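Novice: Sequence and predicted structure, then a few things I'm wondering about:
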Amino acid sequence: MEIATAKKTSATQIATARVGYFRWVVCALLFFAATINYIDRQVLGLLKDPLQKQFAFSERDYAAIVFSFQLAYAIGLLLAGRVMDKLGTRKGFALALIIWSVAAIAHAAANLFPGLQVPTVLINPPSVVLLTGAAAGFALARFALGLGEAGNFPAAIKTVAEWFPKKERALATGIFNSGTNVGAIITPLVVPWIALHWGWQWAFIATGAIGFVWLLFWLPLYRSPEQHARLSAAELNYIRSDPPEPSTPIPWKKLFPHRQT
């Protein structure tokens, strides 16, 4: 039994080696995108105390700023899938990352418009809050960040579906999703140091700029499998080894009765 199992494992390894591994390069790009996504969204929380002292935010103001991100993220998730389907994952993912990277950097300029006023809302208790000055600037930046970051997971899931057969999709999803935990670990180690040595503005600028470094790899390396020059015919056949799946549009009215919706 052990000999048979060993032979089967060896045969599987040889077959996989012949197929190729470029799809895992794509998975690595998704991993780093998720890492950057969670780095950028955490910076404000780590700098809350010094920013509150400098700009005299109340807890209510800060809650409204945070909710601006959550509201935009919810709106973005409703739109992101349609955008990815229309533009394709290469352009759609790049667009989402550009939006959230620019928004992340824009936090550094939140205090440059003292006359700015932005209405936002709170859920508990339900109320409208009028933010002014730096608080308004941070709220706008958080809203734009939420819209952009909402594109990450729809784009990543679509990319996995395009680049992996069904039997590897759970593994690929687990790998790229682990980037969120890596981002959550890295950010508290790096951001306070940057803010201490260079100032809070550079904490937003430096972390936001990482997304543009990612784009330097994504745009040259990513194409759909059928259009990719570096993908072997054997690996393409392996990726497309599943039988075709029927696709049926589902109207919103059929989704609303479900508790998950």
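Specialist: Arrived safely. Numbers count the residues shown, from 1 in each chain.
Novice: For the one residue sitting closest to the centre of the chain, which residues are in contact?
Specialist: The structure's the chain has its C-alpha centroid closest to Asn152; by Cα atoms, centre = their mean the separation is 3.2 Å. Residues near Asn152 by Cβ atoms under 8 Å, 6 or more residues apart in numbering: 33-34, 37, 93, 96-97, 100. In this view, the C-beta of every residue, glycine as well, is placed from N, C-alpha and C.
Novice: Out of those residues, which is nearest to Ala63?
Specialist: Trp100 (21.5 Å; Cβ to Cβ).
Novice: Now the element after the helix or strand where Leu215 lies, going C-ward?
Specialist: Element membership for Leu215 (DSSP states H and E) is helix 200-221. Next along the chain after helix 200-221, taking DSSP H and E as the criterion, comes helix 233-239.
Novice: now whichever helix or strand comes after that following helix: how far from the chain's centre is it?
Specialist: For helix 233-239, the succeeding helix or strand toward the C-terminus, using DSSP H and E, is helix 252-255. Relative to its parent chain, helix 252-255 has a centroid offset of 26 Å by Cα atoms, centre = their mean, to the nearest Å.
Novice: Give the other helices and strands that helix 252-255 contacts.
Specialist: Here helix 252-255 touches no other helix or strand, going by 3 or more Cβ pairs under 8 Å, 6 or more residues apart in numbering; DSSP states H and E.
Novice: For the residue nearest to the centre of the chain, give its distance to Ala34.
Specialist: Using Cβ to Cβ, to the nearest Å, Asn152 is found at 6 Å from Ala34.
Novice: And Thr187, by the same measure?
Specialist: Thr187 is 13 Å from Ala34, by Cβ to Cβ.
Novice: excluding its backbone neighbours, what's nearest Leu236?
Specialist: Leaving aside its chain neighbours, Leu236 sits nearest to Pro225 (5.4 Å; criterion: Cβ to Cβ, 6 or more residues apart in numbering).
Novice: Ser241 versus that neighbour, what's the distance?
Specialist: Distance from Pro225 to Ser241, by Cβ to Cβ: 12 Å.
Novice: Between those two, which has more neighbouring residues?
Specialist: The residue with more neighbours, out of Pro225 and Ser241, is Pro225; 17 against 11, by other Cβ atoms under 10 Å.
Novice: give the contact list for the more buried one.
Specialist: Counted by Cβ under 8 Å, 6+ apart, Pro225 has contacts 23, 162-163, 231, 235-236, 239-240.
Novice: Let's see that with 6 Å instead.
Specialist: Pro225 is in contact with 231, 236, 239, counting by Cβ atoms under 6 Å, 6 or more residues apart in numbering.
Novice: Quick check: the closest residue to the last one other than its chain neighbours vs Ala170, distance?
Specialist: Computed as Cβ to Cβ, 6+ apart, the closest residue to Ile239 that is not its neighbour in sequence is Pro225, at 5.4 Å. As defined by Cβ to Cβ, Pro225 lies at a distance of 19 Å from Ala170.
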